[in-house]
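>>> Have a look at this prediction, sequence included:
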Amino acid sequence: MSCCCTIIPAAVLARLAEDASLSDGERKGLADTIALDAKLRRVRVANAEINRIAGKVNGLAGLVQLAAAPGIEVYDCQTTMSLPGTRLTNPSQSADATAVRAFNETTQVAAFFSQAFGRSSIDNQGMTLLSSIHYGSGYNNAFWNGAQMTYGDGNGSLFVDFTLSTDVIAHELTHGVTERTSAFVYTNEAGGLNESMSDVFGSMFRQWRKNQTVAQADWLIGKEILGPAALAAGYTCLRSMKDPGGAHCLSTQPSHYRDYRPGMDPHDSSGIANYAFYLAATAVGGQSWVKVGKIWYAALTNYGRTPNATFAKFADRCRQSASSLFPGDSAVYNAVDTAWTTVLT
Amino acid sequence: MTILRIERLGGLAGMGGMGSKIRSLGEVDLKVLPDAERRTIESLFDRPAPAPAAGNDRFRYRLTLDSGKMLELDETHVPDRLKNSVVDKLV
């Protein structure tokens, strides 16, 4: 299925292309954009088909990986809040370390999803990944806006540059993956699942980047973005998947369903599913993306759009995915089953 | 109505959430604003809140008037003067 996700709907572009109040040049540009959008979608569909065929032919695995690598674009907002900002022509060679990080780590996140899970970019059809840096002045945040990742520089006290944590970059990109797959809404249990998917894949990416086992991982979210004031106060992270209620976290979370309350901020309720992943992954051992990560990926991507899923429903998907991906491996199934049973009490 | 209190919520760090150690507060005295700007801000309370912007980890702003009237908007719908009045602090 081709992705038809555009910032400006084709119908709006078409209407504007006919708008007599615009100049001839502007209307031609809009018409050209419509034509280019259609061509790009056909290219993405063709690319996906090439990958599918090449993946079945011995010796072409390298070509599949090459074909699946998406374009990576970085834009500089220059402390404004106007997106996407000014495109950087060669971000990997920039004198701006933020630009280099945004480019390199986004490239690596795409490689992680490709190598660990066989996914080609956010839409699984190789879509170009857009990142904007230096958003706002002293902006203590990063976000996904439905089309791109965006990073603030922090106010230098509570937070610093949000590109400094590799898990934050993967966290934001994963929101795009969730949007294109399960499409969990951002409220109640589904909201907690949405946020958890981003922390889970963010943490896995951080471990993948460092080639860590589950025992070596610190399971912290946002460790490197804490500013001097937060560090001086004794905080070490935004959240901990290993210890959601830990006093060293800027945001303590529930780790069990009994402490869930409807209407909770998704960044609070995500602790429950985060802890389930931590328990399952550490019970299985090794590297998190090899088995339990694949189970979580299958649970996220193989069940169609389920906007209002519950923790219990997702747990069942994880159990089913464990059985189908690792048939007969009772240790893996039991780790997943026990993890979810534990947190859902 | 004169003092408008502003609280910033959400974002990647889950500011203002149940377990958050960050409180983000600000206030603006509407009485001292230029008339046009004051009317723009007051009009936010006179119509239904717009649909939230797409995406995740966006900030929300809770605006509360002296009268107790309260409104919650995502950051794309909040005037810069209100956003700029907010300071993030550890509690």
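Everything's here; your move. These figures come from a predicted structure and were not determined experimentally.

>>> count of residues packed around residue A:261?
Counted with other C-beta atoms under 10 Å in any protein chain shown, residues neighbouring residue A:261 total 10. The C-beta positions use only the backbone N, C-alpha and C, and glycine is treated the same way.

>>> So what does it have for phi and psi?
phi -130, psi 130 (degrees, to the nearest 10).

>>> and it, what does it touch?
Neighbouring residues of residue A:261 by C-beta atoms under 8 Å, 6 or more residues apart in numbering or on different chains: residue B:18.

>>> Now do it against residue A:344, distance only.
15 Å (C-beta to C-beta, to the nearest Å).

>>> One more: residue A:187?
Going from residue A:187 to residue A:344 by C-beta to C-beta gives 19 Å.

>>> Spatially central residue for the chain, please.
If you meant another chain, say so; for now it's chain A. For chain A, the residue sitting closest to the mean C-alpha position, by C-alpha atoms, centre = their mean, is residue A:174 at 1.3 Å.

>>> that's the wrong chain, I wanted chain B
Centroid-nearest residue in chain B: residue B:61, 3.4 Å away (criterion: C-alpha atoms, centre = their mean).

>>> That one should be in a helix, yeah?
No. Using DSSP: H, G, I helix; E, B strand; the rest coil, the assignment for residue B:61 is strand, not a helix.

>>> So for it, what's the nearest residue that isn't a sequence neighbour?
Among residues not flanking residue B:61 along the chain, residue B:78 sits closest, at 4.6 Å (C-beta to C-beta, 6 or more residues apart in numbering or on different chains).

>>> Now for the residue nearest to the centre of chain A: which residues touch it?
By C-beta under 8 Å, 6+ apart, the contact set of residue A:174 is A:197, A:198, A:201, A:202.

>>> Counting by contacts, list what the helix or strand where the second one lies packs against.
In other words, residue A:198. Secondary-structure assignment from DSSP states H and E places residue A:198 in helix A:188-209. For helix A:188-209, the helices and strands in contact under the criterion 3 or more C-beta pairs under 8 Å, 6 or more residues apart in numbering or on different chains; DSSP states H and E are helix A:97-117, helix A:166-180, strand A:220-221, helix A:266-284, helix A:292-301, helix A:311-325.

>>> Columns mean pLDDT and distance to residue A:85 on top of these, output as JSON lines?
Listed next are these as JSON lines, based on pLDDT from 0 to 100; distance: least, C-beta to C-beta, whole Å:
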{"stretch": "helix A:97-117", "mean pLDDT": "98", "distance to residue A:85": "11"}
{"stretch": "helix A:166-180", "mean pLDDT": "98", "distance to residue A:85": "16"}
{"stretch": "strand A:220-221", "mean pLDDT": "98", "distance to residue A:85": "26"}
{"stretch": "helix A:266-284", "mean pLDDT": "98", "distance to residue A:85": "26"}
{"stretch": "helix A:292-301", "mean pLDDT": "98", "distance to residue A:85": "30"}
{"stretch": "helix A:311-325", "mean pLDDT": "98", "distance to residue A:85": "36"}
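
>>> So for residue B:57, which of these sits nearest?
Proximity to residue B:57 (C-beta to C-beta) singles out helix A:166-180 among the helices and strands packed on helix A:188-209, at 6.8 Å.

>>> and that closest one, how far from the chain's centre?
How far helix A:166-180 lies from its chain's middle: 1 Å, per C-alpha atoms, centre = their mean, to the nearest Å.

>>> could I get it in PDB with only the CA atoms?
Extracted in PDB, the C-alpha atoms of helix A:166-180 (Å, rounded to 0.1, in the frame of the first residue of the first chain):
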ATOM      1  CA  THR A 166      20.600   8.900  21.100                       C
ATOM      2  CA  ASP A 167      17.500   7.400  22.600                       C
ATOM      3  CA  VAL A 168      15.700  10.700  22.300                       C
ATOM      4  CA  ILE A 169      16.400  10.800  18.500                       C
ATOM      5  CA  ALA A 170      15.100   7.200  18.200                       C
ATOM      6  CA  HIS A 171      12.200   8.000  20.500                       C
ATOM      7  CA  GLU A 172      10.900  10.800  18.200                       C
ATOM      8  CA  LEU A 173      11.400   8.800  15.100                       C
ATOM      9  CA  THR A 174       9.500   5.800  16.600                       C
ATOM     10  CA  HIS A 175       6.500   8.100  17.100                       C
ATOM     11  CA  GLY A 176       6.400   8.100  13.300                       C
ATOM     12  CA  VAL A 177       6.500   4.400  13.100                       C
ATOM     13  CA  THR A 178       3.700   4.000  15.700                       C
ATOM     14  CA  GLU A 179       1.600   6.500  13.800                       C
ATOM     15  CA  ARG A 180       2.000   4.500  10.600                       C
END
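
>>> residues from the stretch 1-150 of chain A in reach of chain B?
For the stretch 1-150 of chain A, the residues in contact with chain B (C-beta under 8 Å from any C-beta of the partner chain) are A:140, A:141, A:142, A:143, A:144, A:145, A:146, A:147.

>>> Between those residues, identify the one with the most neighbours.
For the residues of the stretch 1-150 of chain A next to chain B, neighbours tallied by other C-beta under 10 Å; top is residue A:142, 29 neighbours.

>>> Next, the contact list for that one, please.
Contact analysis of residue A:142 by C-beta under 8 Å, 6+ apart lists A:149, A:150, A:151, A:152, A:162, A:163, A:168, A:171, A:172, B:12, B:57.

>>> Mind listing the residues bridging to it?
Counting by DSSP bridges, residue A:142 is bridged to residue A:151.

>>> longest helix in chain B, by residue count?
In chain B, taking DSSP state H as the definition, the longest helix is helix B:35-43.

>>> Residues touching that one, excluding its own?
Residues contacting helix B:35-43 (C-beta under 8 Å, 6+ apart): B:1, B:4, B:28, B:30, B:31, B:33, B:79, B:81, B:82.

>>> List the buried residues of that helix.
Buried residues in helix B:35-43, counting neighbours by 16 or more other C-beta atoms under 10 Å in any protein chain shown, are found at B:38, B:41.

>>> what sits against the residue nearest to the centre of chain B?
Contacts of residue B:61 by C-beta under 8 Å, 6+ apart are B:6, B:7, B:8, B:9, B:72, B:73, B:74, B:75, B:78, B:82, B:83, B:86.

>>> hmm, which of the residues you listed are the buried ones?
Among the contacts of residue B:61, those scoring as buried are B:6, B:7, B:8, B:9, B:73, B:74, B:75, B:78, B:82, B:83, B:86 (criterion: 16+ other C-beta under 10 Å).

>>> Keep only those of these that are in strands.
Those of those mapping onto strands are B:6, B:7, B:8, B:9, B:73, B:74, per DSSP state E.
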